[in-house]
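Q: Let me see the structure of the following:
(3 chains)
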Amino acid sequence: MVVSGALMGLVYALIAYGFQLTFATSKSINFGQGELVMLSAFFSLSLLDWGVPYWLMVPGGLLFGVALGLVVERACVRLSLEQKNEGWILLSIIFGLLGFSVAENIWGRDDRPFPTPISTEPMQFFGVRITPLEISVAIGVLAVMGLIELFKRKTLLGKAFEAVSADRDAAELMGISATHTIMLSYGLSGMVAAMAGILISPITTVGPTMASALILKAFAVAVVAGLDSGFGVVLVGIFLGALESLTSFYLGSGWREAPGLILLILALAVRPNGVFGKASIRKV
Amino acid sequence: MLIVDDIHAGYGSSEVLQGTSLEVQQGKVVALIGANGAGKTTTMRAISGMLTPTHGRVLLNGKPVQGYATSRIARLGLAHSPEGRKVFGPLSVEDNLLLGAFNHLPMFFGFRSMAATELEKVYELFPRLRERREQSAGTLSGGEQQMLAIGRALMAKPKVILLDEPSMGLAPVIVQEVFRIIRRLKEAGTTLLLVEQFAKSALEVADYAYVMEHGRIAVAGTPAELHKDERVLAAYLG
Amino acid sequence: MLKRLLFIRGAELLALAILATIPLTVDNSYALGLLTLLAIYGILLIGLDVTVGYLGQINLAHAAFLGLGAYAAGLSVSLLGFGMLAALAVSMIIGLILGGLLAFPALRLEGPQFALATLSFSALSVIVLNEWESLTQGAQGLSIDRPHFLGMSLDAQGFYWLCLLMLILVWIAMRNLLSSQWGRAFEALRDSPIATDAMGVGTYRHKVAGFAFGSSLGGLAGGLYAFNFQYLQPQGFTYDLMVILLLGVVLGGRKSLWGAFFGATLIVLLPNLLSNWMLFEIISALGFAAALAAAIVGWKKNSKVTFQAAAPVIAMGILVVGGFMVENTESWRKAIFALMLFAVVVGLPDGIMGFAARYLTRLFNIDPPALPKASALDAVLPLQFPNEKPLLILKNLKRYFGGVKAVDDLSMSVLSGQIHGLIGPNGSGKSTAVNVISGLYAPTSGDILLQGKSLPQGSLFKVARTGVARTFQNLQLFAELSALENVMLALKGVYRTPLPLVLLGFARAEEKRAQANALALLELVGLQDQARVHAKDLTYGSQRFLEIARALARKPKLLILDEPAAGLAHPDVNHLVQIINRVNQRGMTIILIEHHMDVVSSLCHRVTVLDGGHKIAEGTAEEIKRDPLVIKAYLGIADDSPASAATA
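A: Predicted coordinates:
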């Protein structure tokens, strides 16, 4: 049970990783990211309903996520970054609200099962009961994160991405367009959200309310680990997932979300830049 | 190669540049000197698009570029090594240099081999950078960071280079080293606009110089002419 | 004066008269319910505006404070048998305490992290209200009887008047708060948090107090809410309500009491407007027309279609078209809110009130009240009697940034009563040194002693409180405050009235004294005629002088001037020299960073020269000019001898 909790935690880590991507380039995050996960999951479900085979559905869902990420960047983020204010917080909340309402009206308010070709028969590993589905979640999460990290380190575009997060002005002077890099980060972040939706839906079912439940935990993971900490999110995600399943076992499922929230507030109180984060320098 | 025509620019309500004009011809080294706060750095920023001029024109190779995004001006062949160097601290020295050539290189793979000759040239000019190629740029000393910033600008194979205060915060020996490098760039035919606090040294390398005061060009001329100007002599070369 | 009273107070009184008499003329229980809700939401939004407007932070916890306040009031009636006033006091106190507790960690953060912290808090509150069933009855809901008010049992009309009375009290308290030092501090900390700290006005403590105060208003509104509906459910206080509250504040207009009131009106009326399809179409068509008109005006002005102009048109267009495509607007309620809010946030960021205020002030052109006579300078900037002993001592001070040694092993002492020049080429570490002294940066190692006592390290605020005041090389004025208010904000030892009394309006005498004192300092730097001018509209030179006046308001022991002459024209430089001389003649010790050698020679008793983070010379200006090391540093190159030790 703790192990499957920890595996769920990997999905939170994946969404949190999406926050890190956009935070690195633009110091902004999408408060409607949970709705992105949910909308992508619903869209993928519809693809399956229309008879698209599972293995084609996955890239389709990811593309949909990329598109949504780009919309968020254009509609919510770019203007307030140009004006150097924090309107994006409000605008991305608004976008989330819109997404929620659209999902509610198009796909209905009820939770729906998400079919998967992977078996849910539990197996025994060293005395731990675990399903192949849960293992596939872990593999999927680590594969996506690994691929993006590889991209950032090994390609010139990826290095440009890092350059923008290190110093936006200097990157512009090299001919690297900060605007395009931020778009790229939002596109990737949307893809990551869609991946999270496709991975987690077979376990939790799909419904409009999955958005708010997921995003709070992802926020907690991102803040506790630090918004600029790279792989710290994986450790924190696993920890939080395990902690959650223990809480809901001992205190009741209503309290399930409490540890993440308490952890988040505590982390902000003790280490505002996250457990793995770096302190920043004020400039005059 | 670079013409600045009557530009006005500033931050918020304060207008720092009040009609600055200057010209840099191909293959020439032009110095821009003046007191702190006169608007030298602001001029540089207005040229490279880090600051949008409210009025006036900037012509790069005959084409107007004012109002363009910084990255677009950079792609048109302007390399600006900014005040305070601004190297990418967390990235390695070599990555910093590769990013300097961002516009000429393929985005995904094979960029390292494409950049090999340029990289070699820069390493020849700055042997210390070759020694530290794997080190992250933030851990370099101030002098080494300045070399890296100049090297990064060279990697772009630009039409014009803007060097803003390359001597800033460096020990005297290193300042000499920096000026030696500027002289070598001049011999290689680089087009250069140089902002410098050490007016005397700047005039020694420059073909032509502008003196700025309160957001305008006060005096202009060849170094020899400026040396004859009583006022310039008293204020900046004393 | 009369005009001022007529327009500003007149509008308030008129609105009050209308609100108070409606129930007497219209006998309609539905309308009365809406009015009551309007008063409650008015209080709630004024509280929310403290954080969202005045502190400039996105606060997502306010709905939770409404809920917590409501439950606190309800439970103190049903469990403890409190009367209405006592119960309302409890709900306010709950808001205040929990708000404070949340603010302590959360307000150390900026922007997104703060929003996240408040979001978690509100989610946590709803969980607790839901799960603590023994106390709150959980999801079943809590029924409450409306308690007696001072022994009277209130009917719906009476309760409405009570809510209205509370709104008036809150309104007056807010007005008092905003016209005091607190209001200035709120404005200042958004303009320049660094300067706010450097002037000894703690950014952090003002934010915490402001947030706690706003939350207590949320709690109060919650108490009234509980007694209005007499039935509470945790689901009533979730994220959805929070978004609607934000809609109200933003739509009405941030940083405005009237804005909060308009916002509350809209929130109360909106559900009714949406339930009628015809009405909904008319409203969205009007919105579409307004957005389109604005876009066309903007397009004619600069012949460019900006996103800011186009986006609201698109959003409202979707509303108009969408209205025809769906049968039931009610089920799309959230999407409609979202699109409206989107259009407003992008197209009208100052809200309706901000938009209207721009035209109203132009229309009426109300004069500000007259200023008092300036205080005597001796009272504002007392004479100090220097004793020739070192005032400030630096011992082996170091500050590194990664591999760059900005200040490396600097030791020096500044004698009291002297002007001590700090010079050196650009980047030699002068600014970093004063940034470390004034607490902006913590030193990597080394000691700083002021009058023999160690200065606090790495806190602008704490250093400012020990008697060090500074100006900034890149001006850090409070752009939206007037010259007078910039100085008033920094005044030391004037503001003694505690917050509760400020709210009750007992800070007026103190305000007059502060104005008089600030005027004296403006006279000292020659800005008395520009007292009412916004700092951002002053000329560059005047801005520099204003920074000096503001620093002097701290009555400092040590004044640090960081390149005060940079960018000044010659007449201004002469004026600056006069000011510095005058200040120094009053016994003030000054550290002066400067590039103009003539300024340094004419002012400084002693000069320290830095190069590459090291001290390379110290002495009188004449001695320094002859020092070969200094000449070499300033000219960059002496001889072309081989670089013997080419390591930096």
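
Q: Tell me, how many residues neighbour the nearest residue to A:A166 once chain neighbours are set aside?
A: Counting by Cβ to Cβ, 6 or more residues apart in numbering or on different chains, A:A166 lies nearest to B:F88, which is 4.2 Å off, once chain neighbours are set aside. The way it works is simple: take the backbone N, C-alpha and C, and place the C-beta from them, glycine included. By other Cβ atoms under 10 Å in any protein chain shown, the residues close to B:F88 number 26.

Q: Got phi/psi on B:F88?
A: Main-chain dihedrals, B:F88, degrees, to the nearest 10: phi -80, psi 100.

Q: got it, and C:N272?
A: Dihedral pair for C:N272: phi -70, psi -40, per degrees, to the nearest 10.

Q: list the contacts for it?
A: Applying Cβ atoms under 8 Å, 6 or more residues apart in numbering or on different chains to C:N272 gives the contacts C:L34.

Q: So for C:I637, what's the pLDDT?
A: Note on C:I637: pLDDT of 48.

Q: Then C:L55?
A: pLDDT recorded at C:L55 is 90.

Q: Distance of it relative to C:L257?
A: C:L55 is 16 Å from C:L257, where distance means Cβ to Cβ, to the nearest Å.

Q: Kindly report the same for C:N387.
A: 52 Å.

Q: So for those two, which sits in the more crowded spot?
A: The residue with more neighbours, out of C:N387 and C:L257, is C:L257; 22 against 11, by other Cβ under 10 Å.

Q: Wait, that one touches C:N176, no?
A: No. At 11.6 Å, C:L257 does not count as touching C:N176 under the criterion of Cβ atoms under 8 Å.

Q: does the top helix by length along chain A come close to chain B?
A: When chain A is parsed with DSSP state H, its longest helix is helix A:178-204. Yes. In terms of Cβ under 8 Å from any Cβ of the partner chain, part of helix A:178-204 sits within range of chain B, namely A:178-179.

Q: just how off-centre is the very next helix or strand once past that helix within its chain?
A: Next helix or strand after helix A:178-204 toward the C-terminus (DSSP states H and E): helix A:210-225. Remark: helix A:210-225 is offset 8 Å from the chain centroid, using Cα atoms, centre = their mean, to the nearest Å.

Q: Quick check: next helix or strand after helix A:210-225?
A: Using DSSP H and E, the helix or strand that directly follows helix A:210-225 along the chain is helix A:232-251.

Q: Now do the same contact list for the residue nearest to A:A166.
A: If you count contacts by Cβ under 8 Å, 6+ apart, B:F88 has them with A:162-163, A:166-167, A:170-171, B:95-96, B:99, B:137.

Q: repeat that with 10 Å
A: A:159-160, A:162-167, A:170-171, A:174, B:95-96, B:99, B:136-138, B:148, B:152 (Cβ atoms under 10 Å, 6 or more residues apart in numbering or on different chains).

Q: What's the separation between C:S413 and chain B?
A: From C:S413 across to chain B, the span is 24 Å (Cβ to the nearest Cβ, to the nearest Å).

Q: Parallel or antiparallel, list what pairs with the helix or strand containing B:V219.
A: Per DSSP H and E: B:V219 is located in strand B:216-221. Strand pairing for strand B:216-221, determined by DSSP bridges: strand B:208-213 (antiparallel).

Q: roughly how far is the strand it pairs with from the heart of the chain?
A: Centre-to-centre, strand B:208-213 and its host chain are 15 Å apart (Cα atoms, centre = their mean).

Q: Then stretch B:43-59?
A: Mean-position distance between stretch B:43-59 and its chain equals 14 Å (Cα atoms, centre = their mean).

Q: Buried residues, it. List them.
A: Buried residues in stretch B:43-59, defined by neighbour count with 16 or more other Cβ atoms under 10 Å in any protein chain shown: B:43-51, B:53, B:56, B:58.

Q: Check the residues you listed against C:L119 and report the nearest one.
A: Using Cβ to Cβ, B:M50 comes nearest to C:L119 of the buried residues of stretch B:43-59, at 35.4 Å.

Q: got the contact list for the closest one?
A: Residues near B:M50 by Cβ under 10 Å, 6+ apart: A:169-170, A:172-173, B:41-42, B:44, B:69-70, B:73, B:80, B:82.
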